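Asks: need a 3D model of the sequence below.
(one chain, ligands or ions: 1)
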Amino acid sequence: MNFINVCDVFLDCDHDSIIYLGKPDGPTCHTGSETCYYTSVDEVVNNPQVDDNKLALTTLYSLESTILKRKEKLPGNIEGKPSWTKRLLLDEKLLCSKIRCDLLTWCAWKEADELCPTLEENEEQLRTALEMAYVLYHAMVLLALKGVKIEDVLQVLRLRFAQSGDEEKSCRKS
Ligand SMILES: N=c1c2ncn([C@@H]3O[C@H](COP(=O)(O)OP(=O)(O)OP(=O)(O)O)[C@@H](O)[C@H]3O)c2ncn1[C@@H]1O[C@H](COP(=O)(O)O)[C@@H](O)[C@H]1O
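Replies: The predicted structure is shown next:
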């Protein structure tokens, strides 16, 4: 069971609304996420259909925020609450082994190169989503270690919107 420790309670001027200020002890969402207040009311009122793009972004930002929180609690030890992210942040080799397909290491091969076979072996779509989530998460831990924000990556992608890959490649200086 998880709790939110209430630090203060505020009333508005005519005492008909209350805001609780609390410090969560564990996840605050039933999904296990630290928070799930990612959807602005304005968005829902003006566009009741959940915007998949926004949802994708808030998911990435939320994951980034969790990873950065783990990073803040370093350095030194991995005592306290067990955290896979902390282990990765403290062990560059382990992290890279989860991202890179290292043919010399059977273990890394097995774990990190499972996305392509979902296409090659025509596995179900859910399997592809699971493998991609795995790659994305581990790559985002690497970004955190490098101090690169997900927004920086998205910016690179946005800048590429207007240019095809083939065009860009043919413009490269050899
Ligand atoms: N998205 C993930 C995520 N995906 C995978 N993993 C973990 O990555 C680890 C390695 O996965 P593997 O399949 O390689 O597992 P393994 O069996 O240990 O590997 P081998 O022994 O076979 O090499 C496992 O412990 C997985 O649970 C993740 N761990 C964390 N996250 C996110 O990061 C947040 C913080 O996690 P902690 O830092 O652990 O609290 C979580 O709330 C999630 O949002």
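
Asks: look up the closest residue to Leu11, ignoring the ones flanking it.
Replies: Nearest non-adjacent residue to Leu11, counting by C-beta to C-beta, 6 or more residues apart in numbering: Ile18, 5.9 Å away. C-betas here are computed from N, CA, C, even on glycine.

Asks: for that neighbour, grab phi and psi.
Replies: Note on Ile18: backbone dihedrals following degrees, to the nearest 10 are phi -130, psi 140.

Asks: secondary structure element holding the residue nearest to Arg70 when sequence neighbours are not counted?
Replies: With sequence-adjacent residues excluded and distances taken as C-beta to C-beta, 6+ apart, Arg70 is closest to Thr85, at 4.2 Å. Here Thr85 is covered by helix 84-90, with elements defined by DSSP states H and E.

Asks: which positions in the very next helix or strand once past that helix come out as buried?
Replies: Counting by DSSP H and E, the next helix or strand C-terminal to helix 84-90 is helix 92-99. The neighbour-count check on helix 92-99 (16 or more other C-beta atoms under 10 Å) flags 95, 97-99 as buried.

Asks: and the helix or strand harbouring Thr58, what's buried?
Replies: In this structure, Thr58 is located in helix 52-72 according to DSSP H and E. Residues 58, 60, 62-64, 66-67, 70-71 are the ones in helix 52-72 that count as buried (16+ other C-beta under 10 Å).

Asks: which helices and strands does that helix pack with?
Replies: Counting by 3 or more C-beta pairs under 8 Å, 6 or more residues apart in numbering; DSSP states H and E, the packing neighbours recorded for helix 52-72 are helix 84-90, helix 125-146, helix 150-159.

Asks: rerun at 6 Å
Replies: Here helix 52-72 touches helix 84-90, helix 125-146, going by 3 or more C-beta pairs under 6 Å, 6 or more residues apart in numbering; DSSP states H and E.

Asks: which one of the buried residues of helix 92-99 is nearest to the ligand?
Replies: Nearest to the ligand out of the buried residues of helix 92-99 is Lys98 (C-beta to the nearest ligand atom; 6.0 Å).
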